[in-house]
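Peer 1: Okay, here's the prediction I keep looking at, along with the sequence it came from:
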2 protein chains.
Amino acid sequence: MSEHPEAPVAPVGAFEPPYYVAVFSTVRTADQDGYRETDARMEELVKGVPGFLGMDHAQTPGGLGITVGYFRDADALAAWRRDAEHRAAQRRGREQWYERYTLHVAKVERSHAFVRPEG
Amino acid sequence: MSEHPEAPVAPVGAFEPPYYVAVFSTVRTADQDGYRETDARMEELVKGVPGFLGMDHAQTPGGLGITVGYFRDADALAAWRRDAEHRAAQRRGREQWYERYTLHVAKVERSHAFVRPEG
């Protein structure tokens, strides 16, 4: 548990509303075979979706994982939903990797970012 | 890092849209004195807000924390924003506990929950 991770960590910033957010909260199974590779591939794929703004992830060891994706508009989200490789990964997730998950898709009305002043 | 935490872990479920979600993503400072107590107090307080639906939290050790709060409507969120003790905790957070944070407030249009079938 390092206070100084190698890469500087920062959450995705605040964008000009409206934009979309997809909140994906998961509890994983004991069988995580292939998860890491697919997760990395999905991260690569989503970056190619026009209107994708960014993504944050936090994982409590042995507990809840939360991934939040940010998209410019409903079309960007729809494109990501329709992606064939993404759909195959979702199927495998339900069959193998996820014990439970909840997905909430929402339109952002207000946002705010804080960065500590230097000094 | 246990695969079998003592309390069963489950994300907050899906509600009937529309409802509101507040996504709060943070990077904390080295000085976390008093954080735990205030965090517990805020969790207790928010549960008393009429229209509060639930809350999820995930924390990557040494990395990003994501807290997601769910509220029935904009009035419920406004009540929580106005709470004096909550406002004092936010001020202390900016002064002491947070290196960076981003808050996104959004209206949920669509949601879905998955629970693995038994067996």
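Peer 2: All right, it came through fine.

Peer 1: what about A:Thr26, neighbour count?
Peer 2: By the measure other CB atoms under 10 Å in any protein chain shown, the count of residues near A:Thr26 is 21. For every residue, glycine as well, the C-beta is placed using N, CA and C.

Peer 1: Who are the contact partners of it?
Peer 2: A:Leu64, A:Gly65, A:Ile66, A:Thr67, A:Tyr98, A:Arg100, A:Tyr101, B:Pro11 (CB atoms under 8 Å, 6 or more residues apart in numbering or on different chains).

Peer 1: let's see 6 Å
Peer 2: Counting by CB atoms under 6 Å, 6 or more residues apart in numbering or on different chains, A:Thr26 makes contact with A:Gly65, A:Tyr98, A:Tyr101.

Peer 1: where along chain A do the helices fall?
Peer 2: Secondary structure of chain A (DSSP state H): helices at A:35-46, A:74-82, A:84-92.

Peer 1: The last one near chain B at all?
Peer 2: No: using CB under 6 Å from any CB of the partner chain, helix A:84-92 never reaches chain B; the gap is at least 9.6 Å.

Peer 1: got the residue ranges for the strands in chain A?
Peer 2: Ranges of strands in chain A, per DSSP state E, are A:19-28, A:52-59, A:65-71, A:98-115.

Peer 1: okay, these, which one's buried deepest?
Peer 2: strand A:65-71 (a mean of 24; mean count of other CB atoms under 10 Å in any protein chain shown).

Peer 1: Pull up the gap between A:Ala10 and B:Pro61, please.
Peer 2: 17 Å (CB to CB, to the nearest Å).

Peer 1: More neighbours: these two, which one.
Peer 2: A:Ala10 (16 against 13).

Peer 1: Dump the strands of chain A into a markdown table; add mean pLDDT as well.
Peer 2: Listed next are these as a markdown table, based on pLDDT from 0 to 100:
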| stretch | mean pLDDT |
| --- | --- |
| strand A:19-28 | 98 |
| strand A:52-59 | 97 |
| strand A:65-71 | 98 |
| strand A:98-115 | 98 |
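
Peer 1: ok so, going back, also within reach of chain B: list those from the contacts of A:Thr26.
Peer 2: Answer for those near chain B (CB under 6 Å from any CB): A:Gly65, A:Tyr101.

Peer 1: got TSV for the contacts of A:Thr26, with distance to B:Glu43 too?
Peer 2: Below are the contacts of A:Thr26 laid out as TSV (distance: CB to CB, whole Å):
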residue	distance to B:Glu43
A:Gly65	20
A:Tyr98	26
A:Tyr101	23
